[in-house]
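1. Here is my input; please provide its structure:
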Amino acid sequence: MSMTLRLTAEQDELLSELARSEGVSKQEAVIRAIAERAARLTQDSEVRTAARGAVAEYGPLLDRLSK
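-> Below you'll find the model as predicted:
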């Protein structure tokens, strides 16, 4: 599937720098950035879920220990 990506001159320069630094095309740099961001969002969500579970399970204990 094709897609047109409209960027400002500044955004295009940033993308060009990113692609050069990674040694890939601008298209590949965009694909990698999307995949990385999606993975980070998934990981962040899993961490938040685990933290909520830990607070629910150990919160009362931690409160007692802090007194």
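2. Please identify which helix or strand holds residue 11.
-> In this assignment (DSSP states H and E), residue 11 forms part of helix 9-22.
3. what does that helix contact?
-> Defining contact as Cβ atoms under 8 Å, 6 or more residues apart in numbering, one finds that helix 9-22 is touched by 7, 25, 26, 28, 29, 30, 32, 33. Backbone N, C-alpha and C define where each C-beta goes, glycine included.
4. Identify each buried residue in the one helix or strand residue 63 maps to, please.
-> Secondary-structure element containing residue 63, defined by DSSP H and E: helix 26-65. By 16 or more other Cβ atoms under 10 Å, the buried positions in helix 26-65 come out as 29, 30.
5. can you give me how far that helix is from the chain middle?
-> On the basis of Cα atoms, centre = their mean, to the nearest Å, helix 26-65 sits 10 Å off its chain's mean C-alpha point.
6. Stretch 49-63 - what's its average pLDDT?
-> Stretch 49-63 shows a mean pLDDT of 87.
7. let me fix that: stretch 26-45
-> Averaging pLDDT along stretch 26-45 yields 93.
8. returning to that earlier point: can you list the contacts of helix 9-22 in TSV and add distance to residue 45?
-> Compiled in TSV, the contacts of helix 9-22 are given as follows (distance: Cβ to Cβ, whole Å):
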residue	distance to residue 45
7	28
25	30
26	29
28	26
29	25
30	23
32	20
33	19
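9. Relative to residue 41, which of those is nearest.
-> residue 33 (12.6 Å; Cβ to Cβ).
10. Which residue is the nearest non-sequential neighbour of that closest one?
-> With Cβ to Cβ, 6 or more residues apart in numbering as the criterion, residue 33 has its nearest non-adjacent residue at 7.3 Å, and that residue is residue 18.
11. what do you get for residue 24?
-> Residue 24 sits nearest to residue 32 (Cβ to Cβ, 6+ apart), 7.2 Å away.
12. how near is the one you found to residue 40?
-> Using Cβ to Cβ, to the nearest Å, we find residue 32 at a distance of 12 Å from residue 40.
13. Next: residue 33.
-> 11 Å.
14. what's the neighbour count on residue 18?
-> 15 (other Cβ atoms under 10 Å).
15. any idea how far it is from residue 41?
-> The gap separating residue 18 from residue 41 is 19 Å, by Cβ to Cβ.
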